[in-house]
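Asker: output the structure for:
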Amino acid sequence: MNAVSADNGKPWSIAPDERTAALEIVLLKRTYVLPWSQFLYAEGGEDEIRLVFVAHDVAVRGSGLSVLLADLAAQRVGAMCEPSRPERFSAVGGRFIREIIVQKIDADVERG
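Answerer: Below is the predicted model of the structure:
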């Protein structure tokens, strides 16, 4: 069983010294568990990160997110949680996640 730490100064949970099997994304009304074996790439900067999996696109918006790229590259991120609506506007400075958007990639559309 993988243990993740939420008390790491980051608004996402990471495994201390090992890779996790999947990324759990907890939204206000739905939870996704995306296996790292289907992870293709991530890109972005301080205010937005894009993660691409085989069947899902994930956009993470907030502040101080460039550090998240290193944790994603190591596949150590175990969970990310979307904040409640009041929490989105109460964060001032530092690292925080304001919004997470998960979209399913339609294979039929991609084939064109």
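
Asker: where does pLDDT dip in this protein?
Answerer: Within the chain, the set of residues satisfying pLDDT under 70 comprises 1-11, 16-17, 86-93, 107-112.

Asker: how about the helices in it?
Answerer: Using DSSP state H, the helices of the chain run over 66-73, 85-90, 107-111.

Asker: what does the longest one rub up against?
Answerer: Just to be clear, that refers to helix 66-73. Residues from elsewhere that reach helix 66-73, judged by CB atoms under 8 Å, 6 or more residues apart in numbering: 10, 12, 14, 39, 42-46, 49, 51, 60, 77, 95. Glycine gets a C-beta too; all of them are placed from N, C-alpha and C.

Asker: distance check, the residue nearest to Leu28 when sequence neighbours are not counted against Ser37.
Answerer: What sits nearest to Leu28 in space, not counting adjacent residues and going by CB to CB, 6 or more residues apart in numbering, is Glu82, at 5.7 Å. Going from Glu82 to Ser37 by CB to CB, to the nearest Å gives 24 Å.

Asker: cool, Glu48 as well?
Answerer: 25 Å.
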